[in-house]
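> when you get a sec, could you give me coordinates for this:
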Amino acid sequence: MQEDKARWNERYLENPMPQSVSPLLEQYIEHAKVGQAIDVACGTGRNTHYLADKGFNVDAVDISDYALKAVKNSSMIKKIDTDLDKYNLTPNKYDLIVNVNYLNRRLVSQMKDSLKSGGLLVFETFIVAHGDFNMPTTNLDYLLRKNELLHSFIGLDVIYYEEKIDTNLRGERTKVASLVAKKA
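Here you go, the predicted model:
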């Protein structure tokens, strides 16, 4: 955990991320019942702050204590400094789960279980690009395969799904999968 924490702290220090809210979250926020939310791998809180401003009580979870220092101190936000490889989601707790630019397959079934009835999942992350866009190869454990995200959340009612070429927060071309789904 300490090695991951140090790596992520260094990454946030050396290459600060823009604070723009996820367009997918902005587009589909109205489908969520205001209540308890979690921002998985929240970073410096770009989506956390947006959710708190919308009235959600937000669990802001990240391994980087450096990034979490940038998350506002607010009665609406609970900062959780933890390794998501070991963290477990509480069943039937969340009205909204936000997972943007992060993949931990161990959490997929926990996400389904931790959504309340009527709860909304907003999930967007990178797909394997196999050398596309002249980007260096990254660890394939952190990249989705084609249609993997859609298949991972079978059992939820899909509101929106797309796989597309996009531009990441650093201005680089990437492939992403986006899913918005609701628990019955």
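> quick one: pLDDT of the closest residue to Lys72 other than its chain neighbours?
Excluding the flanking residues, the one nearest Lys72 by Cβ to Cβ, 6 or more residues apart in numbering is His49, at 6.0 Å. The C-beta positions use only the backbone N, C-alpha and C, and glycine is treated the same way. The score at His49 is 97. That number is its pLDDT.
> so which helix or strand of the chain has the lowest pLDDT on average?
helix 2-14 (a mean of 67; mean pLDDT, DSSP states H and E).
> which residues of this structure fall in helices?
2-14, 23-28, 46-53, 65-69, 108-114, 148-152 (DSSP state H).
> tell me the most buried of those?
For those, the largest average neighbour count (mean count of other Cβ atoms under 10 Å) is found in helix 46-53, namely a mean of 23.
> what residue ranges in this structure score low on pLDDT?
1-2, 5, 7-10, 12-19, 129-139, 169-170 (pLDDT under 70).
> try 50
Scanning the chain for pLDDT under 50 picks out 130.
> in it, which spans are strands?
36-40, 57-62, 77-81, 94-100, 115-126, 157-167, 173-182 (DSSP state E).
> ok, back up a step: export the helices of the chain to a markdown table and tack on distance to Phe123?
Shown next, in a markdown table, are those (distance: least, Cβ to Cβ, whole Å):
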| stretch | distance to Phe123 |
| --- | --- |
| helix 2-14 | 20 |
| helix 23-28 | 9 |
| helix 46-53 | 12 |
| helix 65-69 | 20 |
| helix 108-114 | 8 |
| helix 148-152 | 6 |
